[in-house]
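S.K.: below is the structure, and that's it, no one-letter string:
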């Protein structure tokens, strides 16, 4: 997400010279390149002008505080303005108004924007994270099998869908959905409206009729993040004629330039509530402006990373792992758990993209042909071992190695690299475990889970501790990530031929 823009801005800031204060020339040079980078990212021209003007007013002639370089000062100013442009005045952009059950959520947008899939993703999120009872209804009577698609997705995620009655008009379906949601005791009912290849009056009239019937608490516009400025134009028209309460950007995991996201809030005045980051039903994230700004400027997104870690590993499991590590115990079963956790958290690229300063290492890995398939190969090697071999990898001799490598469809050299990585991690765990109850390992686990779960997001000390927990010294899923070097044991592992 925002990879090309992030690369360009990182290049701009790295060029700033180390001076005691920012001169007009320094600011002008940096802002000229920032302006070009934003325009290339497809950010709308009026937004770019306002953004640059706001930065210029704050950056010109400002003294640099002690031990802070001019480059860092500019990055901070840009970071703060980026948050302001992405968030506006709405500090709780990700919150949903789903009070007064049954609360209606109206999903609108053009055909092909991912509206039906996003409806199911959001329904799953409301069910699992908010504990709401949700009913989904498809109002798309034009696109073939649109209603059946939503019904299938409902079965996959365990959310009820309105029974399909052929021949009904969208307005009739909306009335029936509202009635069933009321009598069925649902907290929320979601209406997936029809789309068109382009905006026309027939589409708008239909959506307006449904809106008047349902009186939705939220009207979410789903737009394809890859369409650039077209997405902004669509948002303006829907907001003008229908009145939207928020935006969901889809396909933000692609190689799009991301300008739509940066323009959307400033142009429409409506918050971006969620971003879709893949086809899986859990690939929907809340849009947190401060975190997105951190990702764009290469500062990482530790908070989201800690949240993902917490979702993929339970506190009891973490405590059990900590007790084993404190005793110096770290076998292949433990390593397998680490690798699987990393895959659940989005793989190496997904995790490293949220770590501060890891963009360079990520590029090195990509250039070396190292991808998330390496994790799968390493798990395959461990699964090819017997229980005895997993519990005690030291017994792995030549004949055993040949059998295990053959069973996983890989070379003995790949297995040797895995065994070396295990030895290095085992030594690290042993040293960390020997540091006592107040040692590094204990602090890492506390930073990740704490006594009451997540660390306080508003406590810098807690978040710094969490950052350390998720960094090079954390045993939970990020083996050996340090500096800009490749993760230990991955260099050369199963490279693409």
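M.R.: Perfect, thanks for sending it. As the structure is a prediction and not an experimental result, all values here were calculated from the model.

S.K.: quick one, domains of this structure?
M.R.: As assigned by automatic domain parsing, the chain contains the domains 3-87, 103-290, 302-470.

S.K.: how about the strands in the stretch 101-250 of the chain?
M.R.: 103-108, 134-138, 160-161, 188-192, 218-224, 246-250 (DSSP state E, counting those that start in this stretch).

S.K.: quick one, which of the ones you listed is nearest to residue 120?
M.R.: Nearest to residue 120, of all these, is strand 134-138, at 7.0 Å by C-beta to C-beta. Heads up, the C-betas are built off the backbone N, CA and C, glycines and all.

S.K.: make CSV from the strands of the stretch 101-250 of the chain and add mean neighbour count, distance to residue 383 and mean pLDDT to it.
M.R.: Converted to CSV, the strands of the stretch 101-250 of the chain look like this (neighbours: other C-beta atoms under 10 Å; distance: least, C-beta to C-beta, whole Å; pLDDT from 0 to 100):
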stretch, mean neighbour count, distance to residue 383, mean pLDDT
strand 103-108, 25, 41, 94
strand 134-138, 27, 37, 95
strand 160-161, 22, 38, 94
strand 188-192, 28, 40, 95
strand 218-224, 25, 39, 91
strand 246-250, 27, 35, 87
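
S.K.: could these go into JSON lines alongside distance to residue 146?
M.R.: JSON lines is the format used below for the strands of the stretch 101-250 of the chain (distance: least, C-beta to C-beta, whole Å):
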{"stretch": "strand 103-108", "distance to residue 146": "12"}
{"stretch": "strand 134-138", "distance to residue 146": "6"}
{"stretch": "strand 160-161", "distance to residue 146": "12"}
{"stretch": "strand 188-192", "distance to residue 146": "8"}
{"stretch": "strand 218-224", "distance to residue 146": "14"}
{"stretch": "strand 246-250", "distance to residue 146": "16"}
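
S.K.: which among these is found nearest to residue 29?
M.R.: Among the strands of the stretch 101-250 of the chain, strand 246-250 comes nearest to residue 29, with 31.9 Å by C-beta to C-beta.

S.K.: of the domains of the chain, flag the one that's most buried.
M.R.: domain 103-290 (a mean of 20; mean count of other C-beta atoms under 10 Å).

S.K.: straight-line length of that domain, end to end?
M.R.: Start-to-end span of domain 103-290 (C-alpha to C-alpha, to the nearest Å) is 29 Å.

S.K.: which one, of the strands of the stretch 101-250 of the chain, ends up nearest to residue 128?
M.R.: Nearest to residue 128, of all the strands of the stretch 101-250 of the chain, is strand 134-138, at 10.2 Å by C-beta to C-beta.

S.K.: relative to strand 103-108, how tilted is the closest one?
M.R.: Strand 134-138 and strand 103-108 meet at an angle of 30 degrees, taking axes from the mean of the first three to the mean of the last three C-alpha atoms, to 10 degrees as the criterion.

S.K.: could you dump the domains of the chain to a markdown table with distance to residue 296?
M.R.: Shown next, in a markdown table, are those (distance: least, C-beta to C-beta, whole Å):
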| stretch | distance to residue 296 |
| --- | --- |
| domain 3-87 | 5 |
| domain 103-290 | 8 |
| domain 302-470 | 11 |
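
S.K.: among those, where is the model least confident on average?
M.R.: For the domains of the chain, mean pLDDT drops lowest on domain 302-470, to a mean of 69.

S.K.: top helix in the chain by residue count?
M.R.: Using DSSP state H to define each element, the chain has its longest helix at helix 412-433.

S.K.: what packs against that helix?
M.R.: helix 315-326, helix 332-344, helix 373-383, helix 398-408, helix 440-448 (3 or more C-beta pairs under 8 Å, 6 or more residues apart in numbering; DSSP states H and E).

S.K.: closest to residue 82 out of those?
M.R.: helix 440-448 (26.7 Å).

S.K.: hang on, the earlier thing: to residue 274, which of the helices and strands packed on helix 412-433 lies closest?
M.R.: Smallest distance to residue 274 across the helices and strands packed on helix 412-433 (C-beta to C-beta): 20.1 Å, for helix 332-344.

S.K.: show me what that closest one is packed against.
M.R.: Using 3+ C-beta pairs under 8 Å, 6+ apart, the elements in contact with helix 332-344 are helix 302-312, helix 315-326, helix 373-383, helix 387-391, helix 412-433.

S.K.: one more time with 7 Å
M.R.: helix 373-383, helix 412-433 (3 or more C-beta pairs under 7 Å, 6 or more residues apart in numbering; DSSP states H and E).
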